[in-house]
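Student: What would the 3D arrangement of this be:
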Amino acid sequence: MVSQLPSRSGRAALVILIVLVSAGATSLYLWNQSRLAAKTDSSAEDRRPETTSTAKAPTEVVLGETPKDEEPAETNELADARTTKTAASGTAPKTGAGGTGGKKLLADWTTPQLAFVITGQAHGYIEPCGCSERMIGGYSRRADFVRMLREDRKWPVIAVDVGGLLNMERVFQVQARWKLEALVKGLARMKYDALAVGTEELKFGPQKLFEVFQEFKNVDPDFALPFLGANLTIIDKSLGMPLDYTIVERGGKKVAIVSIFGEAWKNEVDSFSQEELKVAGVEQTLKRVLAEVQQKEKPDLYVLLSHDSLDNSKKWAGKFPVFQLVVSAGGYEEPPQTPEKVGNTIVVTSGIKGKTIGVVGYYPQDRAQPFKYTNIEVAPETLSNQDSMTQVMREYQERLKDDYQNLIAESIPSERKFVGVDACKDCHTKAYEVWKNSKHANSYVAIDKGRKGQEKDFVSRVYDPECLCCHVVGWNAQSAQRIDGGFVDMMTTPHLAGQQCENCHGPGSEHVALETAGTDMATMLASRKMMHRSKAEAEQSCRKCHDGENDINWEEVGFENRWKEVAHPGLD
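Tutor: Have a look, this model is predicted:
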């Protein structure tokens, strides 16, 4: 049962407060096979990925013990936990493609009295884009993990998200509205117990965020995902969003979950008027909320969701030792297996972009070490896609299709226009042959039908700006915005489908017009020079799409090897 009233237990009660400290930055689809280097954050920019490195697969850790390098032995208790799917998914898992091909997850864990599932800072990532093989993350696999714990293992699960759902750099774009809806819908369908309001949600717009919440309530009166933010007032506290805290009763325990938006990113939302958003001090807020919770509810555990920097999250853990568990939004891109500890309080971080899931098991019978923690990689070898989340993605893409004209209404100005590869091929015959036989020529098909092997369950993304921008002509790959004269759709601009010449060389309308008219040689030579790209310039163009987000093998394969596949020297 979930109640949205405050609470507090007697002195004998165990206290866990999940402080949702809101730290935010968002992005589209980063599903990097390489493990990003763990890096501590103390500022908003620190929370963004910068480097990649390899690391060992996650290992379970009992708090207070040294992590083990060896893999845990598989137990008979859970050996068959991943061999079948429930009727809800509709299909059996496939070995090596998202099923039972990998290590049995949490195989050496006994059933806890409570299992906390911890996520946060999705940064706009709903599902892997599929541009590379073995991309990790995704709501669909996350849902399979939650389903496995609840249905296969019968664990009492409390799922919390520390906020930061959207891509910080795209919160003002029209698409952010529909993406937020999809991300919240996914959490609700996975039956999450709490969502902290973070930086990205507030940057999207407090009033708009409230409207999204109200729309969910209007469509489904039983919508039960609490938006939390104890020190936040959006319009008016009496409106009930966000709440100060929520109470969850599960596994024979009453748990108080509190969320705060921290000091580290308060400057990110200072531009909003006091009528729309008020941010109170964290310390005074926690004193007030704790007193209320303790008086009204008397919970067994307190959890604090802290949308703040890791340093600040640890500060709150020290100032309020009543909290035994603090979840910090700020901290590490991929959380370490050993959590931070402040006194008797453990502090864990959410990670980013849905690549990992934190799990905290509560074992009250072990008074010395009541909590066990691990960090799970959301990988295709161990987790399968769930139909319920595929449906969320399908509904999201339908929203984008219905609103497509608004999505592309604000285009980037360009005096020159795009003409398409057919206007180039008669003069540049050899270059055309290279292009025609490259993957670039069929890149539109990849977002319509999926990669080879994905076709059966793939959800078409041909109206999704964040996919179109690297698969058609005339879009800015970094901002996911259409350029004047760029691809619209297959009915309007079929000649601009696919990754073509002009995405590297620039719009060709002026060049084609000059060559066709037979203008004087000096003018034509100037035009040709303008269209020419050096190898160094070509690499910069390539990297706009072939970044660590979408091409996880780029650095390993290297530009020189990739260039051999598409090099086309000479004018013909």
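
Student: C-alpha only now, for contacts and for neighbours.
Tutor: Fine.

Student: what phi and what psi does the backbone show at Lys372?
Tutor: phi -120, psi 140 (degrees, to the nearest 10).

Student: Give me the mean pLDDT for stretch 343-351.
Tutor: Per-region confidence: stretch 343-351 scores 93 on mean pLDDT.

Student: how long is it end to end?
Tutor: Across stretch 343-351, the straight-line distance between its terminal residues is 23 Å, by CA to CA, to the nearest Å.

Student: what does it contact?
Tutor: Stretch 343-351 is contacted from outside by 118-121, 162, 310, 313-314, 317-318, 321, 323-335, 339-341, 357-358, using CA atoms under 8 Å, 6 or more residues apart in numbering.

Student: Restricted to helices, list those residues.
Tutor: Among those, the residues falling in helices (DSSP state H) are Leu310, Ser313, Lys314, Ala317, Gly318.

Student: which one among those gets closest to Gln397?
Tutor: Using CA to CA, Leu310 comes nearest to Gln397 of the ones in helices among the contacts of stretch 343-351, at 35.2 Å.

Student: still on that earlier bit, pLDDT, distance to Phe371 and neighbour count added to the ones in helices among the contacts of stretch 343-351, as JSON lines?
Tutor: Putting these into JSON lines (pLDDT from 0 to 100; distance: CA to CA, whole Å; neighbours: other CA atoms under 10 Å) gives the following:
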{"residue": "Leu310", "pLDDT": "95", "distance to Phe371": "20", "neighbour count": "27"}
{"residue": "Ser313", "pLDDT": "96", "distance to Phe371": "19", "neighbour count": "33"}
{"residue": "Lys314", "pLDDT": "96", "distance to Phe371": "18", "neighbour count": "24"}
{"residue": "Ala317", "pLDDT": "96", "distance to Phe371": "16", "neighbour count": "27"}
{"residue": "Gly318", "pLDDT": "96", "distance to Phe371": "18", "neighbour count": "16"}
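
Student: can I get these in TSV with distance to Glu398?
Tutor: Rendered in TSV, the data for these read as follows (distance: CA to CA, whole Å):
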residue	distance to Glu398
Leu310	38
Ser313	39
Lys314	42
Ala317	43
Gly318	47
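
Student: Go through these and say which is closest to Leu243.
Tutor: Here the nearest of the ones in helices among the contacts of stretch 343-351 to Leu243, counting by CA to CA, is Ser313; it sits at 19.8 Å.

Student: Surely that closest one and Val326 touch.
Tutor: Yes - under the criterion of CA atoms under 8 Å, Ser313 lies in contact with Val326, with a separation of 7.2 Å.

Student: residues bridging contact with those two, i.e. touching both?
Tutor: Common neighbours of Ser313 and Val326 are listed as Ser306, Val347 (criterion: CA under 8 Å, 6+ apart).

Student: SS state for Lys564?
Tutor: For Lys564, the assignment made with DSSP: H, G, I helix; E, B strand; the rest coil gives helix.

Student: quick one: the strands in the stretch 51-200 of the chain?
Tutor: Ranges of strands within the stretch 51-200 of the chain are 52-53, 61-62, 114-119, 157-161, 194-196, based on DSSP state E, counting those that start in this stretch.

Student: Please name whichever of these is nearest to Ser140.
Tutor: That would be strand 114-119 among those, by CA to CA, at 13.9 Å.

Student: now the angle between strand 157-161 and that closest one, please.
Tutor: Orientation check (axes from the mean of the first three to the mean of the last three CA atoms, to 10 degrees): strand 114-119 against strand 157-161 gives 20 degrees.

Student: Work out the gap between strand 114-119 and the centre of the chain.
Tutor: A distance of 18 Å separates the C-alpha centroid of strand 114-119 from that of its chain, computed with CA atoms, centre = their mean, to the nearest Å.

Student: Sheet-wise, list the partners of that strand with their directions.
Tutor: strand 157-161 (parallel), strand 356-362 (antiparallel) (DSSP bridges).

Student: can I get those strands in TSV with mean pLDDT?
Tutor: Supplementary listing: the strands paired with strand 114-119 in TSV, determined by pLDDT from 0 to 100:
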stretch	mean pLDDT
strand 157-161	98
strand 356-362	96
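
Student: Just send those strands back as TSV, with distance to Cys470 and mean neighbour count too.
Tutor: What follows is the strands paired with strand 114-119, written out as TSV (distance: least, CA to CA, whole Å; neighbours: other CA atoms under 10 Å):
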stretch	distance to Cys470	mean neighbour count
strand 157-161	30	24
strand 356-362	26	23
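
Student: Tell me which of the ones you listed sits nearest to Tyr373.
Tutor: Closest to Tyr373 of the strands paired with strand 114-119, according to CA to CA: strand 356-362, at 4.5 Å.
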